[in-house]
Each structure stands twice: as structure tokens, then as C-alpha cells.
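Asks: structure for this input, please:
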Amino acid sequence: MKVTENTAGLRQRDTHLDLIRVIAMLFVIAIHTEMEFSVPSWGSSLISTILFTANGLFFLISGHFAFKFEEDPVNPAASYRSFYWKKFCTLVIPLVFYSTLIMMNYYYWDPLKNFLDYPDEYFMDTFWVLFPSESIGYKWFIYCLIGFMLTVPFLKIMMKSLSDEGLKSFFIVSVGFEAVAVILFLQIIHAPLSVYGWPFLGWYFYFLCGYIIYRLGFFHKKKWIFIAAGLICLIATAVLLNLNPSGLDGALDDSPVYLFGCIGLYLLLESVPVNRYIGRVLSFIADNSYGVYLLHYEMMILARSRLSVSSPLAWIGCILLIAVMSLAVTIPCNMLILKPLTKYLTKKASFRTKAAVTAVILIYIIGIPLFLMLKSRVS
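Replies: Numbers count the residues shown, from 1 in each chain. Take a look at the predicted model:
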């Protein structure tokens, strides 16, 4: 979390970023709930346009925090090891833990099946997203983020070496290339650009913008211009989608128009006044948001078997219910297991312990697919 020093020397959290994280989390639940339930259509294009900013907001926040990395000039190798180890503990270990919890939940609700069948559920829930034909799984975001994190230590040094003008030029060139690739080719000519010569495209550029917005003061000096432009971009996107019911290629993901919409919403949420009491609640929820993301789909399936959504108000209630259900499981898991484990592994564990934990996790991740392959051959 971004931390500032007040006059008393106390460390304070930036609760505005917690607010963005919580809003994005609710948007993700809303998107998936809308897909799973028969939600009445009311302003569907505008609602969908706003809700799908969840991905952009998450990548902006992730980039903001990830690029806090600083290379230690005395021992650079140690700073790289520390960064990667911390990301392993905070991204991969919870992924494996909650996926295993989901697998056990499947077994609990259907105990008559052979327990050896349940690695199939684990494999499908956790790794199926890696295969192109099944890339629609909601965990695509995590694998995408892990890949982005691997580049952070190197790219941070390169971006830090740029002057502010150089970084601004980088932003302009990137947006310009996306405008050509997405707006001109995909949406007007209706043909994909044959060679994507600029590597900083799509979600990766959102991720980088988390750092660019943080560093370049003109985003905040001209904040209300960006906010107004962003809201106009979101409305324009909604109107275009409404005029084209079949959708526009890249309109909600890669389009620079949508990028400015997400940046405008990001800056708007940063500007919302948050008192300290609400801030504490937001910080607590934000600390548990990763677990909510990993569990919410299973909670939604559980709720779907018992609830029906017949009105927009019921849909909103269902979103909040799924969020609360996910938090109810995530909070004790984080407090009793994951946070103490992460704290130990990142601060007190010896090299041998870290190596052993890594080996166990990797064997577990790789071993289950191998087990499934051998099991299918035997049967």
C-alpha cells in the first residue's frame, strides 16, 4: 500500500486505493453474477461498460504497487530474490490454497464419489485457464498478472531512467499505436494489424500506467480534465456498443478510448473523500480482496442454487451477499493461515525452508496434472 508520513511520524494507508480495489472487486462479482443469473436488462450497455472497468482498475492498482520495487545498489541480487519471493508468497500460495479449498468443497457436497476423482476438479479450477480453448476462466487475470510481475524489476529500472518528458512520450506513443491497431484496423477497417511491432499493448499497458500515473504529476494537476474526458469516453463506448449489439473488437479491453475511461474512473475514485472509519473498513476488505476474487465464483454457484434474481435491486443484493459470503471464508483463512504463513516465509524463514516450501508447492502443482494423466491411461 502507498504509505505517507504524517506530522506525528505515524504511517498512514492511502484508503483511496483501498476504495478502488473494493469497487473493482464488486464490479467483478457483478459481471459474473450478471452472466450466471437472468438479470433484467436496464441500460445494459452503460452498466456493462462501467462494470468491465474492473479489469483495468485492477491492473492500474497492481502496477502502482508493483513498481515500488527498488534495486539495492549494494546487493542487487538480494532485492530481486526478495521481490520474486514475496510475489510467490502473496500470489501463488493463496492460489493453491484456495483452489485446494474449492476442491475439498466439491468433495464435501458430493461425498459418494471416489476422492481420487477430485484432483480433476482442482486441475480444472486452477489450471484449465492455461489452455487456449478454455481461456475464458476467471483466473486468467492471475496468470496474466504473474507474467507481468516477472518483468517489473527490469522494466522499473528502464522506466525510472527515463525523464518525465521521456515517460510522457512513451505514454503518447503507446496510446497512438493502440489507436492505430484497435480503432483504425479492428473497428474501422475490420482487419487485425498484421504485425504488432509495439510490445506495450492491452492489459500490459494498463499495468504500466499504474506507474506512469503515480509518477507523472500532470495526471493529478489536470485531474478533473482526465476525469471528465474519462467519463465521456465511457459514455461514448456505451453508445457505440448499444449501436453495435454484436460488439466492437477490442472496445472494452484494448481500445485507448476505454483506457482513458478507466484512468478517468481511477482518478475520480482517488478523489472521493473517505473518513478514517470508513477507511478502516475499506482497508480491511481490501486486505482480503484477493481471497474474495479466488472464492467468489464458487459462492455464486452456491447462491445460484438457492436464489433467483427477478429485479435489478435483487441483483445488487445478490452481489453484496456473494461478497459477504466470500469474505466470511476468506477472513479466517487469511488471519489464521495465510497471513502468519506469509509473514514467516518472507521475514523469518531460512533459505532451506523457502526452498522446501517452493519444492512442495511445485510438486503439488505439477504432480496433480501428472497424476490425472497416469490415472486416465490406467483406466
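Asks: helices of the stretch 51-200 of the chain, residue ranges please.
Replies: Along the stretch 51-200 of the chain, counting by DSSP state H, counting those that start in this stretch, helices occupy 53-66, 76-87, 93-109, 118-127, 140-160, 164-178.
Asks: ok, the stretch 251-379 of the chain next?
Replies: Secondary structure of the stretch 251-379 of the chain by DSSP H, counting those that start in this stretch: the helices cover 256-270, 276-287, 289-304, 312-333, 339-347, 351-378.
Asks: worst mean pLDDT among those?
Replies: Note on the helices of the stretch 251-379 of the chain: lowest mean pLDDT is at helix 351-378, with a mean of 79.
Asks: kindly list the main-chain dihedrals of residue 201?
Replies: Dihedral pair for residue 201: phi -120, psi 160, per degrees, to the nearest 10.
Asks: quick one: residues in contact with stretch 342-355.
Replies: Contact with stretch 342-355 is made by 85, 86, 89, 90, 93, 357, as judged by C-beta atoms under 8 Å, 6 or more residues apart in numbering. For every residue, glycine as well, the C-beta is placed using N, CA and C.
Asks: just how off-centre is it within its chain?
Replies: Put simply, stretch 342-355 sits 26 Å off its chain's centre (C-alpha atoms, centre = their mean, to the nearest Å).
Asks: list the buried residues in it.
Replies: Judged by neighbour count using 16 or more other C-beta atoms under 10 Å, the buried positions of stretch 342-355 are 342, 345, 349, 354.
Asks: as a markdown table, the residues you listed with distance to residue 275 would be great.
Replies: Listed next are the buried residues of stretch 342-355 as a markdown table, based on distance: C-beta to C-beta, whole Å:
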| residue | distance to residue 275 |
| --- | --- |
| 342 | 30 |
| 345 | 35 |
| 349 | 39 |
| 354 | 41 |
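Asks: looking at those residues, which is nearest residue 286?
Replies: residue 342 (15.9 Å; C-beta to C-beta).
Asks: gap between that closest one and residue 98?
Replies: Distance, residue 342 to residue 98, using C-beta to C-beta, to the nearest Å: 14 Å.
Asks: repeat for residue 60
Replies: For residue 60, the distance to residue 98 - C-beta to C-beta - is 24 Å.
Asks: between these two, who's got more neighbours?
Replies: residue 60 (28 against 23; other C-beta atoms under 10 Å).
Asks: make sure the more buried one is actually in contact with residue 208.
Replies: No. In this structure, residue 60 is not within contact of residue 208 by C-beta atoms under 8 Å, at 9.5 Å.
Asks: single out the most deeply packed of the helices of the stretch 51-200 of the chain.
Replies: Compared across these, helix 53-66 shows the largest average neighbour count, a mean of 22 (mean count of other C-beta atoms under 10 Å).
Asks: report the angle between that helix and helix 76-87.
Replies: In terms of direction (axes from the mean of the first three to the mean of the last three C-alpha atoms, to 10 degrees), helix 53-66 departs from helix 76-87 by 150 degrees.
Asks: helix 53-66 packs against which elements?
Replies: Counting contacts by 3 or more C-beta pairs under 8 Å, 6 or more residues apart in numbering; DSSP states H and E, helix 53-66 is packed against helix 15-36, helix 140-160, helix 202-215, helix 256-270.
Asks: generate CSV for those, with distance to residue 282 as supplementary columns.
Replies: Output for those, formatted as CSV (distance: least, C-beta to C-beta, whole Å):
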stretch, distance to residue 282
helix 15-36, 4
helix 140-160, 21
helix 202-215, 19
helix 256-270, 11
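Asks: so which of those helices gets nearest residue 338?
Replies: Checking the helices and strands packed on helix 53-66 against residue 338 by C-beta to C-beta gives helix 140-160 as the closest, at 15.2 Å.
Asks: which helices and strands sit right next to that closest one?
Replies: Counting contacts by 3+ C-beta pairs under 8 Å, 6+ apart, helix 140-160 is packed against helix 53-66, helix 76-87, helix 202-215.
Asks: would you check that residue 25 makes contact with residue 292?
Replies: Yes. With contact defined as C-beta under 8 Å, residue 25 counts as touching residue 292 (5.8 Å).
Asks: need the overlap of contacts for those two.
Replies: residue 323.
Asks: so where is the stretch 101-250 of the chain shaky, pLDDT-wise?
Replies: 106-136, 194-196, 245, 247 (pLDDT under 70).
Asks: the same query, at a cut-off of 50, please.
Replies: Across the stretch 101-250 of the chain, the ranges flagged by pLDDT under 50 are 132-135.
Asks: any chance of the helices and strands packed on helix 140-160 in TSV, plus distance to residue 158?
Replies: Formatted as TSV, these follow (distance: least, C-beta to C-beta, whole Å):
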stretch	distance to residue 158
helix 53-66	14
helix 76-87	15
helix 202-215	11
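Asks: identify the residue spatially nearest to residue 60, adjacent ones excluded.
Replies: Excluding the flanking residues, the one nearest residue 60 by C-beta to C-beta, 6 or more residues apart in numbering is residue 210, at 4.5 Å.
Asks: state the distance from that neighbour to residue 262.
Replies: For residue 210 relative to residue 262 (C-beta to C-beta), the value is 11 Å.
Asks: follow-up on the earlier one: in terms of neighbours, single out the busier of residue 25 and residue 292.
Replies: residue 292 (27 against 24).
Asks: what about the nearest residue to that one once chain neighbours are set aside, how many residues nearby?
Replies: Leaving aside its sequence neighbours, residue 292 sits nearest to residue 326 (C-beta to C-beta, 6+ apart; 4.2 Å). Neighbourhood size, residue 326 [other C-beta under 10 Å]: 24.
Asks: am I right that residue 326 is in contact with residue 296?
Replies: Yes. If you go by C-beta under 8 Å, residue 326 and residue 296 touch, sitting 4.7 Å apart.
Asks: okay, and the common contacts of those two?
Replies: What both residue 326 and residue 296 touch, as defined by C-beta under 8 Å, 6+ apart, is the set residue 29.
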